[in-house]
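J.: Give the three-dimensional model of this entry:
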Amino acid sequence: MGVEHYWRRTSTAAIRDLGPDGLFNLVPEFFDDRFAVERREGLVVVAESTGDLLRELLRLGATDHASTAAVTLFRRPPPNWDDDWMVGSHAPGTVSQIAAFFAGAPLDHWLEQHRVTLAAKVEDIGYGGWAETSWAPQLLRDAQDVAALFGAAAASDEAVIIKISA
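T.: Numbering: from 1, shown residues only. This next block holds a predicted model:
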């Protein structure tokens, strides 16, 4: 239906010398044989068509300075982002800031509070006809999965690779 956003936990040592092609190849895509295994192990999550909605949900929900700073880190491409490969990574310090934000974020409350604005975003990004009964629960599940991944990565002092695939 749209764009897939992937997040994958990894040690900084594993990616230290990798260029964008190496980062890209380290993140299995949905139909890759490694994907199901790494997803079960909590190493990778994907937001199928909800990545842009997730960023919007967090922007709408974050209202204090600390939350806004963490959401900005999450929403912006990482410093090593490569536009050609559509991949980059967040260092453990950034991962920890994002994880701390997610730990206190009332995602379900924000979804209810901003449902009308998010529905308009669904239309704006070209997903007209995607029923709210489908996108809203999927967005919440994806947000919770991403939050859990960042929490686990922060607890293990890991980096997170971000990959976008159309």
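
J.: so residue 152 touches residue 7, yeah?
T.: No: the pair residue 152 / residue 7 is not scored as a contact, 10.9 Å apart, by Cβ atoms under 8 Å. (C-beta placed from N, C-alpha, C; glycine too.)

J.: Can you tell me how far residue 88 is from residue 78?
T.: As judged by Cβ to Cβ, to the nearest Å, residue 88 and residue 78 stand 4 Å apart.

J.: circling back: please compare residue 152 and residue 7 by neighbour count and tell me which comes out ahead.
T.: Neighbour totals were compared for residue 152 and residue 7, and residue 7 leads with 24 against 16 (other Cβ atoms under 10 Å).

J.: Now do the contacts for the more buried one.
T.: Neighbour list for residue 7: 44, 45, 46, 146, 149, 150, 160, 161, 162, 163 [criterion: Cβ atoms under 8 Å, 6 or more residues apart in numbering].

J.: Buried ones only from those residues, please, as a ChimeraX command.
T.: Buried residues within the contacts of residue 7, by 16 or more other Cβ atoms under 10 Å, are selected in ChimeraX with:
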select :44,45,46,146,149,150,160,161,162,163
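
J.: So which of the contacts of residue 7 sit within helices?
T.: If you go by DSSP state H, those have 146, 149, 150 in helices.

J.: Now do the buried residues in the helix or strand of the chain with the lowest mean pLDDT.
T.: Using mean pLDDT, DSSP states H and E, helix 115-124 stands out as the lowest-scoring helix or strand of the chain, at a mean of 86. Across helix 115-124, burial judged by 16+ other Cβ under 10 Å covers 118, 121, 122.
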